[in-house]
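J.: Below: sequence and its predicted model.
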Amino acid sequence: MGKANPGYHHYKGTSLSPSEKVEKKVVELLLNSKIPDGKRESSVVFELKHSSECIQIARILAQKRGLNLDLADAIAALHDIYVIVKGIYQNHGELGAPIAKKILKEIGGFSALEIRTITEAIAHHSKKDIHTDDPYIELIKDADVFACSFYKNSQEEYRRIKSPELFEAYAGRVKKVRRELGLPAEPVFRK
């Protein structure tokens, strides 16, 4: 058995990149949350899983789309930061952008343009029915809904809480990502 790679860190030590520091911060915020699951709209377990899933999906899509992986990581890790901190989904994209900006500045290592790119993507990620020319906004919208499409009963939940038009926008995004990744067209949502 060979020696472990000293550059590999499992998210500990001082050699973390800025985007890895963001990921670590989000996990720590969730693990240390004082808001019990009974007062949150989603459980801490769901938020941990969803954040990690969105990061991985965003990395894959960013590679396919030729986008910056570090920006994709930070956007995906922070896209639900308002829900992570406050436990509430209403207006969470817009309300989360200032929280994300504060975290990015505290962590450091991001330029003003990168912070603006990240926070704009977070602010607009919930508007799945609106298509933009911004590749990072579209990236997180796609990663977010695609990750959720794998949860059991997600189709029924989206039909219950979204308008028919918005449900179709979600389904359209999932279908687009499935095609992009060379996956079968069906099932769009896990049953």
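T.: Yes, it's here.

J.: Provide a list of residues in contact with Ser83.
T.: Rather than Ser, residue 83 is Val. Contacts were defined as CB atoms under 8 Å, 6 or more residues apart in numbering; by that measure Val83 touches 40-42, 47, 89, 92, 96. Placement of C-beta: from N, CA and C, glycine included.

J.: What distance do you get for it to Leu30?
T.: 10 Å (CB to CB, to the nearest Å).

J.: any common contacting residues for those two?
T.: Contacts common to Val83 and Leu30, judged by CB under 8 Å, 6+ apart, are Glu47.

J.: longest helix anywhere in this protein?
T.: With secondary structure taken from DSSP state H, the chain has its longest helix at helix 44-65.

J.: contacting residues around the helix or strand that that one is followed by?
T.: Next in sequence after helix 44-65, counting helices and strands by DSSP states H and E, comes helix 69-78. Applying CB under 8 Å, 6+ apart, the contact partners of helix 69-78 are 17-20, 22-23, 25-26, 51, 54-55, 57-59, 61-63, 96, 100, 103-104, 110, 114, 117-118, 121-122, 125, 136, 139-140, 143.

J.: Dump helix 69-78 to PDB, restricted to CA.
T.: Only the C-alpha atoms of helix 69-78 are listed here, as PDB (Å, rounded to 0.1, in the frame of the first residue of the first chain):
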ATOM      1  CA  LEU A  69     -15.200  24.800 -11.800                       C
ATOM      2  CA  ASP A  70     -14.300  26.900  -8.700                       C
ATOM      3  CA  LEU A  71     -17.100  29.300  -9.500                       C
ATOM      4  CA  ALA A  72     -19.500  26.400 -10.100                       C
ATOM      5  CA  ASP A  73     -18.500  24.900  -6.800                       C
ATOM      6  CA  ALA A  74     -19.100  28.100  -4.800                       C
ATOM      7  CA  ILE A  75     -22.400  28.800  -6.500                       C
ATOM      8  CA  ALA A  76     -23.700  25.300  -5.900                       C
ATOM      9  CA  ALA A  77     -22.500  25.300  -2.300                       C
ATOM     10  CA  LEU A  78     -24.200  28.600  -1.600                       C
END
